[in-house]
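S.K.: Below are the sequence and a predicted model; questions follow.
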Amino acid sequence: MSCLMVESLGAVSFESPDQNAVCSRTLGDGGLKGAPAGLQSERRGSYPSIDLRLLNRELSTKRKVKRLLSFQRYLHAQRRLRGPGFQNSLHLLDEDYQGQAVHMLSKVGTWSFDIFLFDRLSNGNSLVTLLCHLFNVYGLIRHFQLDMVKLHRFFGMVQEDYHSQNPYHNAIHATDVTQAMHCYLQEPKIAHHLTPLDVFLALLAAAAHDVDHPGVNQSFLIKTKHHLASLYQNSSVLENHHWRSLVGMLRECSLLSHLPPSTLRDIEQQLGSLILATDISRQNEFLGRFKSHLDNKDLQLEDAGHRHFMLQMALKCADVCNPCRDWELSSQWSERVCEEFYRQGDLERKCHLEISPLCDQQLETIPVIQIGFITYIVEPLFEEWMRFTNGSLLANNMLGHLKRNKALWRQLLHTQHKQAAGRATPSRGGTGVP
Ligand SMILES: Nc1ncnc2c1ncn2[C@@H]1O[C@@H]2COP(=O)(O)O[C@H]2[C@H]1O
Ligand SMILES: [Zn+2]
């Protein structure tokens, strides 16, 4: 059953990729300096707009209206009006809102941080705002002698390359994962071992780990013969694309061009190895390694290789930590991720493709998906994380939420079963607190 869940999310199983081979195959796709901003996504091997048009056609009128009225849409329109050079959209913020967003940043290390509110207060610029703050707090700008103009341009590009029309894989998810990563970097077990390079890699990988995500999974790309699936030989297709997109943006902004080439190569490689670790179909491989390190008590965080492995695990935890948040936040993520699955299923139905597991809204309800995800993916991972942190406050807090949320989904499922008993067709189910 656990394997089924992993395969449902990640689609196909495969050997762990030889990262050097991947790198030498794809290193050429970054350097396209000087093309107009409107072509940037296309240059990085982005998804053709036809997919999005198809997806958009599936949206209900209500959702269309909501999107039209959203801040992001307003911001995008502003960017188009101002031309490609316009990046620092923080200028658009109403002073009151900006003040409140800045105030929220004083609590950015707390687990109950409301990322949705932060995104609204920062006018849809949560990723840029958070990254600017954290790079300052950790002293990364000074340590790596980063050029502020290049840095802002780079953060803006990463944020913009997330698809705001995806219910789940959008820039807010990236901000959420980055905020979780920041919390994990504060863990007493880890904090004092970290070098500035570790922190830099961890935050960048978290921020860009899903960049340019199309809102459909790998199996969809494989069965529709998308060019990225053949480029990456059906193996970690999305994760390779996120990584290569990040490298393309770093090079395009020449953010790190003042560093020695060997350091630059090392940074690009490590970013790749962190982002590729988020491929959910490699869950068992990583969990097995984590368990055996913990059983053997042989993790030495003075060792750079061991620290890198720990950062891979931290990023994996951050990526799937939404069921460990307070119910008010967690249930929003659950609705969003299931909505994205259902949209893929609707698209597959329309295109007469086999509907992927978890994507058929006529068969799969949100509580069932959540209980499965928590049981087979999140609990096993966070139980090991708990062991690794020696039962830290944060780990206890996260596991507490996880158990409570699972119990609430069970209650909702029970209510749904009772309600559905008299009905002919099952419904999607809601997420109101019972
Ligand atoms: N609450 C959730 N319920 C079901 N699946 C989830 C949930 N959160 C994350 N996922 C899945 O876990 C995957 C982790 O990697 P991704 O972010 O690429 O895509 C994510 C989703 O497919
Ligand atoms: Zn993710």
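M.R.: Arrived safely. All values derive from a computational prediction rather than experimental measurement. Numbering: from 1, shown residues only. Ligands and ions are numbered 1, 2, ... in the order given.

S.K.: per-residue confidence averaged over the longest helix seen in the chain?
M.R.: Scanning the chain for the helix with the most residues, using DSSP state H, yields helix 393-420. What helix 393-420 shows for mean pLDDT is 96.

S.K.: so does it get close to ligand 1?
M.R.: No - counting by C-beta under 6 Å from any ligand atom, ligand 1 is not contacted by helix 393-420; separation bottoms out at 9.4 Å. Using the backbone N, CA and C atoms, a C-beta is placed for each residue, glycine as well.

S.K.: what packs against that helix?
M.R.: Packing partners of helix 393-420 (3 or more C-beta pairs under 8 Å, 6 or more residues apart in numbering; DSSP states H and E): helix 327-350, helix 366-373, helix 379-388.

S.K.: Is the last one positioned near ligand 1?
M.R.: I take that to be helix 379-388. No - Helix 379-388 does not reach ligand 1 (C-beta under 6 Å from any ligand atom); its nearest approach is 10.8 Å.

S.K.: and if you look at the second one?
M.R.: Yes - taking C-beta under 6 Å from any ligand atom as the criterion, helix 366-373 and ligand 1 are in contact, through 369-370, 373.

S.K.: pLDDT weak spots in this structure?
M.R.: 1-94, 424-434 (pLDDT under 70).

S.K.: Map the structural domains onto the sequence of it.
M.R.: 99-317, 320-434 (automatic domain parsing).

S.K.: Mean neighbour count added to the ones you listed, as JSON lines?
M.R.: Conversion of those to JSON lines gives the following (neighbours: other C-beta atoms under 10 Å):
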{"stretch": "domain 99-317", "mean neighbour count": "19"}
{"stretch": "domain 320-434", "mean neighbour count": "18"}
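
S.K.: Nearest to ligand 2, out of these?
M.R.: domain 99-317 (4.2 Å; C-beta to the ion).

S.K.: Between the two ends of the closest one, how far is it?
M.R.: Start-to-end span of domain 99-317 (C-alpha to C-alpha, to the nearest Å) is 31 Å.

S.K.: for the residues of helix 366-373 next to ligand 1, which one is nearest ligand 1?
M.R.: The shortest approach to ligand 1 among those belongs to Phe373, at 3.8 Å (C-beta to the nearest ligand atom).

S.K.: Tell me if I'm right that the closest one and Pro323 touch.
M.R.: Yes - if you go by C-beta atoms under 8 Å, Phe373 and Pro323 touch, sitting 6.8 Å apart.

S.K.: Hmm, Pro224 is touching Leu353, no?
M.R.: Actually, residue 224 is Thr. It isn't Pro. Yes - here Thr224 reaches Leu353: they are 7.4 Å apart, a contact under C-beta under 8 Å.

S.K.: Just put the residues of helix 366-373 next to ligand 1 in a markdown table and tack on distance to Gly139.
M.R.: As requested, these are arranged in a markdown table below (distance: C-beta to C-beta, whole Å):
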| residue | distance to Gly139 |
| --- | --- |
| Ile369 | 41 |
| Gln370 | 39 |
| Phe373 | 37 |
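
S.K.: Next to ligand 1, which bits of the stretch 101-250 of the chain? Give me the list.
M.R.: Asp210.

S.K.: helix or strand for the closest residue to ligand 1 within the stretch 101-250 of the chain, which one?
M.R.: Nearest residue of the stretch 101-250 of the chain to ligand 1: Asp210, at 5.4 Å (C-beta to the nearest ligand atom). According to DSSP states H and E, Asp210 maps onto no helix or strand at all.

S.K.: Grab the nearest non-local neighbour of it.
M.R.: Nearest non-adjacent residue to Asp210, counting by C-beta to C-beta, 6 or more residues apart in numbering: His169, 5.1 Å away.

S.K.: Hmm, Val177 and that neighbour touching each other?
M.R.: No - the criterion here is C-beta under 8 Å, and His169 misses it with Val177 at 10.8 Å.

S.K.: shared neighbours of these two, which are they?
M.R.: Common contacts of His169 and Val177, defined by C-beta atoms under 8 Å, 6 or more residues apart in numbering, comprise Asp210.

S.K.: returning to that earlier point: so how far is the longest helix of the chain off the chain centroid?
M.R.: Centre-to-centre, helix 393-420 and its host chain are 23 Å apart (C-alpha atoms, centre = their mean, to the nearest Å).

S.K.: What parts of this structure come near ligand 2?
M.R.: 210, 319 (C-beta under 5 Å from the ion).

S.K.: rerun that using 8 Å as the cut-off
M.R.: 169, 173-174, 177, 209-210, 213, 278, 319-320 (C-beta under 8 Å from the ion).

S.K.: now the residues you listed as TSV including distance to Gln270?
M.R.: Formatted as TSV, those follow (distance: C-beta to C-beta, whole Å):
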residue	distance to Gln270
His169	23
His173	22
Ala174	19
Val177	17
His209	13
Asp210	18
His213	21
Thr278	14
Asp319	17
Val320	21
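
S.K.: which among the residues you listed gets closest to Val158?
M.R.: Ala174 (7.6 Å; C-beta to C-beta).

S.K.: I figured that closest one was touching Leu130, is that so?
M.R.: No - Ala174 is not in contact with Leu130 according to C-beta under 8 Å; the separation is 9.2 Å.
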